[in-house]
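Undergrad: Just to be clear, the model below is a prediction. Sequence and coordinates:
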Amino acid sequence: MPELPEVETVVAGLRKTVLGKTIQNVEILYPKIVKSDLKMLTKGLPGNRIKQIQRRGKNILFSLSDRNTLWAHLGMTGHMFYFGKKVKADKHDVAVFRFRGNPGELHFHDLRKFGRLSLLNHSADELPTARLGPEPLQVSFQEFAKLFRSRKRMLKPALLDQSFIAGIGNIYADESLFEAKIHPQTRTDKLNEVALRGLYWGIRKTLRKAIRTGGSSVANYLDVDGNPGHFQIYHKVYGREGKPCPRCKAKIKRILVGQRSTHFCPKCQRFDFAHRPENIEGKRR
DNA sequence: AGCTCTTCCTGAAAGC
DNA sequence: TGCTTTCAGGAAGAGC
């Protein structure tokens, strides 16, 4: 599923392929993905040049020459495929963009149709980004620490909450918590300075490495040119239930936290590691 | 405020 | 073997 590193990879691909092109028309094959007014979108896009493409959290923002913004979210299984020539739409394509004076096409492909597309009548800077938490690769440690201390909730749901911190999904939440050796059910406000630093750097390390390797190819993630990423071979806990922890060889566990499957090492991700290191032996769940 | 449950959707995997 | 059920998951919305 596309999370921050995958979306970053997709945005890099979009910049190489469609940045600077002028939209000729857009064909919406599955109208339900459009969350803004459908007619406004299909009528408003043609003639617009794509001036800038940015990622914010897991969102893709196309800044248009008329100062409006095309907002895309890949959901669970969304892909953006660029073809250098006319190509017949796949049955899972939800939208096709065509460009002026150019045979190339951009296909928004989305098997499970959780993706979304909106035309927003304002610039990319003044987006519904008020509903998005800080970027994990940009936020300072001080702000990060303040954020976690300001809430009282379990870490796992907090990391998945886009209004809390943007861009992290199930894979990278689990992997980051593993890096930081923190139990997913630890409360955000219970992390001491050491644990907070560990988590801050764990998230950064995990996301950066995933970006470097082109994202994780699970749920058939592919980049704009149809290439898979490679980060999944580096997954240490995600999707590894019952397999040995790469750090201590204990069996990786999978539990449900807030309805979401959560993978962790029960031995080296201690529930109370973060705030009560002296009590590590005593408690179990 | 924060948790839980539901909805959207499809294909793979598990169950019978 | 083949049909049926379950599950996965990002985000939003309802209800508590």
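TA: Arrived safely, thanks for sending.
Undergrad: Would you pull up how far the longest strand seen in chain A lies from the middle of the chain?
TA: Assignment by DSSP state E gives strand A:102-110 as the longest strand of chain A. Mean-position distance between strand A:102-110 and its chain equals 21 Å (CA atoms, centre = their mean, to the nearest Å).
Undergrad: contacts for it?
TA: A:14, A:17-18, A:21, A:30, A:33, A:72, A:74-75, A:77-87, A:89-90, A:92-99, A:115, A:117 (CB atoms under 8 Å, 6 or more residues apart in numbering). The C-beta positions use only the backbone N, C-alpha and C, and glycine is treated the same way.
Undergrad: Can you give the strand pairings for it, parallel or anti for each?
TA: Sheet pairing of strand A:102-110 (DSSP bridges) gives strand A:78-83 (antiparallel), strand A:93-99 (antiparallel).
Undergrad: Quick check: next helix or strand after that strand?
TA: Following strand A:102-110 in sequence order, the next helix or strand is strand A:116-120 (DSSP states H and E).
Undergrad: circling back to that earlier point, make a PyMOL selection of the buried ones in the contacts of strand A:102-110.
TA: Buried subset of the contacts of strand A:102-110, written as a PyMOL selection, criterion 16 or more other CB atoms under 10 Å:
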select buried, chain A and resi 14+17+18+21+33+72+74+75+77+78+79+80+81+82+83+92+93+94+95+96+97+98+99+115+117
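Undergrad: Tell me the residues on chain A that lie near DNA strand C, please.
TA: A:1, A:3, A:57-58, A:73, A:75-77, A:112, A:114, A:131, A:160, A:162, A:169-171, A:260-261 (CB under 7 Å from any atom of the strand).
Undergrad: buried subset of those residues?
TA: A:1, A:3, A:57-58, A:73, A:75, A:77, A:160, A:162, A:169-171.
Undergrad: So which of these belong to strands?
TA: Residues of those located in strands (DSSP E): residue A:73.
Undergrad: possible to save the buried ones among the residues of chain A next to DNA strand C as a markdown table with pLDDT and distance to DNA strand B?
TA: As requested, these are exported to a markdown table (pLDDT from 0 to 100; distance: CB to the nearest atom of the strand, whole Å):
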| residue | pLDDT | distance to DNA strand B |
| --- | --- | --- |
| A:1 | 75 | 11 |
| A:3 | 90 | 17 |
| A:57 | 92 | 18 |
| A:58 | 93 | 15 |
| A:73 | 94 | 12 |
| A:75 | 92 | 8 |
| A:77 | 88 | 8 |
| A:160 | 94 | 10 |
| A:162 | 91 | 13 |
| A:169 | 92 | 15 |
| A:170 | 92 | 13 |
| A:171 | 91 | 17 |
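Undergrad: quick check, residue A:203 in a helix?
TA: Yes: Residue A:203 forms part of a helix when assessed by DSSP: H, G, I helix; E, B strand; the rest coil.
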